[in-house]
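Peer 1: Structure of the sequence below:
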Amino acid sequence: MGFFRSTPQTVRLESHDAELRATRAPWSLWADGFGKLAIRALQIILVVAVAAGVVFVIQSLTLVTIPLVIALILACAFNPVMSWMRRRGLPSILATLLTLLAIVLILGLLGWLIVWAVRDQWDELYTQAQAGFDDLLAWLQTLPFDVLQPEQLDEWVATLTDFVTSAQFGSGALAGVGAVANFVTGFVLMVTILFFFLKDGPQMWEFLLRPFRGENYLRARRIGDKTTTVLGSYVRGTATVAAVDAIGILIGLLILQVPLAVPLAVLVFLLAFIPIVGATVAGILAALVALVANGWVNALFVVGVVVLVNQLEGNFLQPFLMGRSMKLHAFVILVALTVGAVLGGIVGAVLAVPVAAAAWGVIQVWDGPGLPARWARPKLPIEA
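Peer 2: Predicted structure coming up:
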């Protein structure tokens, strides 16, 4: 029995172990599998909450955030022009004014082309559309089954007339006036921000980098350089591809004698900044105009022209101009377009893809020049 007798040292060790177990007991719940899962779940909830807060702020301040992002993208696109003029000894203020004037003239020219062409050919298109609609009604009446009765047509016309003369239509018109006012305000704000980005962009970025030190500073500088390069290259490449698409489709529409060829070509140029969806919408609009004005045979030729131009652009021109470094998977593009359209409408859909491309570019230089973040690095076959 003496072998099992407790000594004072043994008692002290046992009491010390009991104290350690009592101290570690609450934390041991987080050390097993469920505890780690709970910690990850809490982290995900915090990240989602922060992201939701950022999205809420963006949606609440779209009048500021959207012009800011557009100005940033345009400044990145015209950065080589500004650098070239500065290297030639041109004063920064003069180079900024010349670049800003060129941007405003390009945007104004696109708007003027649309308004001028529509106004010049609207009467002809209206007459052809009315004749085409009458032909469609006459053809429907020749079908062996009843598709559209005259009473139904009169009812639709009466409903449309009542809506136009109703207070709801008036409130919608007032909302449209408010949207135009917001657009003008946003455009003026965008031009102002763009002026400062072009003139003092490098100094502003250096100011934002002041809190960073060591490796964090180098990483932030890599992120800034990569974002500028990706956004600028994306916009310049997309604009070139869009211009080639617009010119090719314009030539086809002029040969086929489709009305509103110039505004349709301008729309092709603008919608080309929305990947995948933009080309489809532009082709549908051109085919509809050709169908109404010149008949279904002409519309089929227009569809063929649009498909041919899009195939040449997608298989030859875009890979050459954009490069593989900025080529996103179609799934990523569709998800980005959907998120951008939900958050910012048409403008959000236009900005979604370049922002996604810039984010992927940042990941590619996160750990060093040409060294992606650890989780984004491709694995060797032996590591898979």
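Peer 1: Gly35 and Ala41, how far apart?
Peer 2: Gly35 is 11 Å from Ala41, where distance means C-beta to C-beta, to the nearest Å. Backbone N, C-alpha and C define where each C-beta goes, glycine included.
Peer 1: quick one, which of these two is more surrounded?
Peer 2: The residue with more neighbours, out of Gly35 and Ala41, is Gly35; 13 against 10, by other C-beta atoms under 10 Å.
Peer 1: and the helix or strand harbouring that one, which residues are buried?
Peer 2: Using DSSP states H and E, Gly35 sits in helix 33-60. Neighbour-count burial for helix 33-60 flags Ile58 (criterion: 16 or more other C-beta atoms under 10 Å).
Peer 1: so how far is it off the chain centroid?
Peer 2: Distance of helix 33-60 from the chain centroid (C-alpha atoms, centre = their mean, to the nearest Å) equals 24 Å.
Peer 1: Tell me which residues of the helix or strand following it come out buried.
Peer 2: Reading on from helix 33-60 to the C-terminus, the next helix or strand found by DSSP H and E is helix 62-77. Residues of helix 62-77 classed as buried: 62, 65-77 (neighbour count, 16+ other C-beta under 10 Å).
Peer 1: Please apply the same query to stretch 90-110.
Peer 2: 95-96, 99-100, 103.
Peer 1: which regions of the stretch 51-200 of the chain lie under the pLDDT threshold?
Peer 2: Per-residue confidence for the stretch 51-200 of the chain (pLDDT under 70) gives these ranges: 117-118, 120-178.
Peer 1: Which parts of it are strands?
Peer 2: All residues of the stretch 51-200 of the chain lie outside strands when identified by DSSP state E, counting those that start in this stretch.
Peer 1: can you pull out the helices in it?
Peer 2: Remark: helices assigned in the stretch 51-200 of the chain by DSSP state H, counting those that start in this stretch are 62-77, 79-87, 92-141, 150-164, 167-208.
Peer 1: re earlier: list the helices and strands the helix holding Gly35 packs on?
Peer 2: Applying 3 or more C-beta pairs under 8 Å, 6 or more residues apart in numbering; DSSP states H and E, we find helix 33-60 packed against helix 330-364.
Peer 1: Go ahead and measure how far the helix it packs on is from the middle of the chain.
Peer 2: 4 Å.
Peer 1: Compute the inter-axis angle for that helix and helix 62-77.
Peer 2: Calculated by axes from the mean of the first three to the mean of the last three C-alpha atoms, to 10 degrees, helix 330-364 forms an angle of 70 degrees with helix 62-77.
Peer 1: Would you mark the buried spots in helix 330-364?
Peer 2: So for helix 330-364, counting by 16+ other C-beta under 10 Å, buried means 333, 336-337, 339-341, 343-344, 347-358, 360-362, 364.
Peer 1: and if you look at stretch 187-199?
Peer 2: For stretch 187-199, using 16+ other C-beta under 10 Å, the buried residues are 189-191, 193-195, 197-199.
Peer 1: ok, so of these, who is nearest Gly214?
Peer 2: Checking the buried residues of stretch 187-199 against Gly214 by C-beta to C-beta gives Phe197 as the nearest, at 27.7 Å.
Peer 1: Who are the contact partners of the nearest residue to that closest one once chain neighbours are set aside?
Peer 2: Residue nearest to Phe197 in three dimensions, not counting chain neighbours: Ala75, with 3.8 Å by C-beta to C-beta, 6 or more residues apart in numbering. Contacts for Ala75 (C-beta atoms under 8 Å, 6 or more residues apart in numbering) come out as 194, 197-198, 201.
Peer 1: In terms of distance to Val306, which of those residues ranks first?
Peer 2: Leu194 (33.0 Å).
Peer 1: if I look at the closest one, how far off is Arg87?
Peer 2: Counting by C-beta to C-beta, the gap from Leu194 to Arg87 is 21 Å.
Peer 1: can you check Ala279 too?
Peer 2: 37 Å.
Peer 1: Then Arg236?
Peer 2: 19 Å.
Peer 1: Pick out whichever of these two has more residues nearby.
Peer 2: Arg236 (17 against 8).
Peer 1: Quick check, the more buried one in contact with Ala77.
Peer 2: Yes: counting by C-beta atoms under 8 Å, Arg236 does reach Ala77; the two are 5.6 Å apart.
Peer 1: got the contacts of Ala75 as JSON lines, with distance to Trp375 columns?
Peer 2: Below are the contacts of Ala75 laid out as JSON lines (distance: C-beta to C-beta, whole Å):
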{"residue": "Leu194", "distance to Trp375": "36"}
{"residue": "Phe197", "distance to Trp375": "32"}
{"residue": "Leu198", "distance to Trp375": "36"}
{"residue": "Gly201", "distance to Trp375": "31"}
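Peer 1: which residues touch stretch 52-67?
Peer 2: Under C-beta under 8 Å, 6+ apart, the answer for stretch 52-67 is 182, 185-187, 189-190, 193, 343-344, 347-348, 351.
Peer 1: run the last query once more with 7 Å
Peer 2: Residues from elsewhere that reach stretch 52-67, judged by C-beta atoms under 7 Å, 6 or more residues apart in numbering: 182, 185-186, 189-190, 193, 343-344, 347.
Peer 1: packing partners for the helix or strand harbouring Leu218?
Peer 2: In this assignment (DSSP H and E), Leu218 forms part of helix 214-255. On a contact count with 3 or more C-beta pairs under 7 Å, 6 or more residues apart in numbering; DSSP states H and E, helix 214-255 meets helix 62-77, helix 261-271, helix 296-312, helix 318-322, helix 330-364.
Peer 1: right, so of those, which gets closest to Gly248?
Peer 2: The minimum distance between Gly248 and the helices and strands packed on helix 214-255 falls on helix 296-312, with 4.2 Å, by C-beta to C-beta.
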